[in-house]
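Engineer: Attaching a predicted model along with its sequence, questions to come.
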Amino acid sequence: DAGVIQSPRHEVTEMGQEVTLRCKPISGHDYLFWYRQTMMRGLELLIYFNNNVPIDDSGMPEDRFSAKMPNASFSTLKIQPSEPRDSAVYFCASRGEGRGQETQYFGPGTRLLVL
Amino acid sequence: SQQGEEDPQALSIQEGENATMNCSYKTSINNLQWYRQNSGRGLVHLILIRSNEREKHSGRLRVTLDTSKKSSSLLITASRAADTASYFCATGRVQGAQKLVFGQGTRLTINP
């Protein structure tokens, strides 16, 4: 398996632009997580899905952020409009269901810079 | 809010020495996991210890868990330059165990 795939790996955009981050989880995994990592706030969970359904979006910073999972092999995190304070590394992770499947597998991340 | 707090924030040792990192948490947990992050990379799972376990080993890694003190430690023995990375503890709570709450991490530097 190729692992969790994220694209793009790097994104530079201007304030006010829409940004879409993409994630392909490991095949067969039922859970998908979106995280944001910054020096100031560390690693924060934004939202997670179970079987394509959003379960907990309490970490989504504000209405400018939205996430979807239209099918088991694809998820997007959208920021519209983007702001400089959104600059961070965004990680996607996935895991399986049940006991013994608690390990999360992380993608390489998308490094976002909003100018 | 952060669940796990690692200590120290940074650690620098000589190659061959042992490295110990600590993690404290606040609420009841189902399991505690340790992850490593190399610079510019995603996190990689190292080891998981369940709330009813006290110690676990994996190669050069040894993890302990004290649920009465709400703390865990990660010991890396015979450190190597390749162990240079940030190490994070993450807790799976009793309720909502599907998600993990990560600490701020310990930055470990192994000097050759």
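Structural biologist: Received it, and whenever you're ready, just let me know what you need.
Engineer: Now do the contacts for the one residue in chain A that gets nearest to chain B.
Structural biologist: For chain A, the nearest residue to chain B under the criterion CB to the nearest CB is A:F106, separated by 3.5 Å. The C-beta positions use only the backbone N, C-alpha and C, and glycine is treated the same way. The neighbourhood of A:F106, defined by CB atoms under 8 Å, 6 or more residues apart in numbering or on different chains, consists of A:V4, A:F91, A:C92, A:A93, B:Y35, B:G42, B:L43, B:V44.
Engineer: Touching, the first one and A:K24? I think so.
Structural biologist: Yes: at 7.0 Å, A:V4 and A:K24 qualify as touching, with contact defined as CB atoms under 8 Å.
Engineer: and these two? which has more neighbours close in?
Structural biologist: A:V4 (23 against 19; other CB atoms under 10 Å in any protein chain shown).
Engineer: Within range of chain A, give me the residues from chain B.
Structural biologist: If contact is defined as CB under 8 Å from any CB of the partner chain, the residues of chain B in contact with chain A are B:2, B:31, B:33, B:35, B:41-45, B:48, B:88, B:92, B:96-105.
Engineer: change it to 10 Å
Structural biologist: By the criterion of CB under 10 Å from any CB of the partner chain, the positions of chain B lying close to chain A are B:2, B:4, B:6, B:30-31, B:33, B:35, B:37, B:40-48, B:50, B:86, B:88, B:90, B:92, B:96-105.
Engineer: before we move on, back to that, so in terms of bridging, what pairs with the residue of chain A closest to chain B?
Structural biologist: Each beta-bridge partner of A:F106 is listed here, defined by DSSP bridges: A:A93.
Engineer: ok, now which ones touch the residue of chain B found nearest chain A?
Structural biologist: With CB to the nearest CB, the shortest gap between chain B and chain A falls at B:G42, namely 3.5 Å. With contacts defined as CB atoms under 10 Å, 6 or more residues apart in numbering or on different chains, B:G42 is in contact with A:3-4, A:6, A:35, A:37, A:89, A:91-93, A:104-109, B:35.
Engineer: and B:R93, what pLDDT?
Structural biologist: As predicted, B:R93 sits at a pLDDT of 83.
Engineer: Look up how far B:V101 lies from it.
Structural biologist: Separation of B:R93 from B:V101 (CB to CB, to the nearest Å): 7 Å.
Engineer: returning to that earlier point: what is the nearest of the contacts of A:F106 to A:M15?
Structural biologist: Ranked by distance to A:M15 (CB to CB), these are led by A:F91 at 22.7 Å.
Engineer: Assign a three-state SS to that closest one, would you?
Structural biologist: Under DSSP: H, G, I helix; E, B strand; the rest coil, the three-state class of A:F91 is strand.
Engineer: show me the contacts for the spatially closest residue to A:V19 that is not a sequence neighbour.
Structural biologist: Of all residues not flanking A:V19 in the chain, A:I79 sits nearest, at 4.5 Å (CB to CB, 6 or more residues apart in numbering or on different chains). Each residue near A:I79 by CB under 10 Å, 6+ apart is listed here: A:11, A:13, A:17-21, A:61-62, A:64-66, A:86, A:90, A:112, A:114.
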